[in-house]
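Engineer: fold the following, please.
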Amino acid sequence: IFKNSYFNDESIIAPGVKGSYSFTVENISTRATIYDITYLEENIYNVNMVYKIKRNGNYIAGDENTWVSIENMNISGKKLAGESQDIYTIEWKWEDSENDTEIGKTEGAYYKLFLKVYAVEGEGV
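Structural biologist: Modelled structure (predicted):
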């Protein structure tokens, strides 16, 4: 998720660095599906990460000028027709904060973002 051109496409982040990651939720069944996407972070060093999310090219969390925290990213009850897909793009940025120097001096400091997609298909969907 965090590969970026600032660090030769390695998964390294630093204050002010930003990038994006795209993934697809695809329904290969002929029946409709309902899905949820949950975002979780491992952030014991309090890295000030903020996000924007697009679904099929349109912002659904944040917008051109607004970034959101991880708490505002989860998606639930999204219906997906049979044999279709939704394309998501996560835009991310380490926003400057007062603890950046402390994090930078901490050997082994890290930040992890996890995403979980849970889907159910069925006639009642």
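Engineer: chain center to the helix or strand bottoming out on mean pLDDT in the chain, what's the gap?
Structural biologist: The weakest-scoring helix or strand in the chain, judged by mean pLDDT, DSSP states H and E, is helix 100-105 (a mean of 90). Chain-centre distance of helix 100-105: 23 Å, with CA atoms, centre = their mean, to the nearest Å.
Engineer: again with stretch 72-85
Structural biologist: Centroid displacement of stretch 72-85 relative to its chain, using CA atoms, centre = their mean, is 15 Å.
Engineer: with just CA atoms, put that stretch into CSV.
Structural biologist: Taking C-alpha atoms only, stretch 72-85 is exported to CSV below (Å, rounded to 0.1, in the frame of the first residue of the first chain):
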residue,chain,number,x,y,z
ASN,A,72,-13.9,7.6,8.8
MET,A,73,-13.0,5.1,6.1
ASN,A,74,-15.1,1.9,6.8
ILE,A,75,-17.7,1.0,4.2
SER,A,76,-20.7,-1.2,5.0
GLY,A,77,-23.6,-2.7,3.1
LYS,A,78,-22.3,-1.8,-0.4
LYS,A,79,-24.3,-3.7,-3.0
LEU,A,80,-22.5,-5.0,-6.0
ALA,A,81,-24.4,-6.4,-9.0
GLY,A,82,-23.5,-9.8,-10.4
GLU,A,83,-20.5,-9.9,-12.7
SER,A,84,-19.4,-6.4,-11.9
GLN,A,85,-16.7,-4.7,-9.9
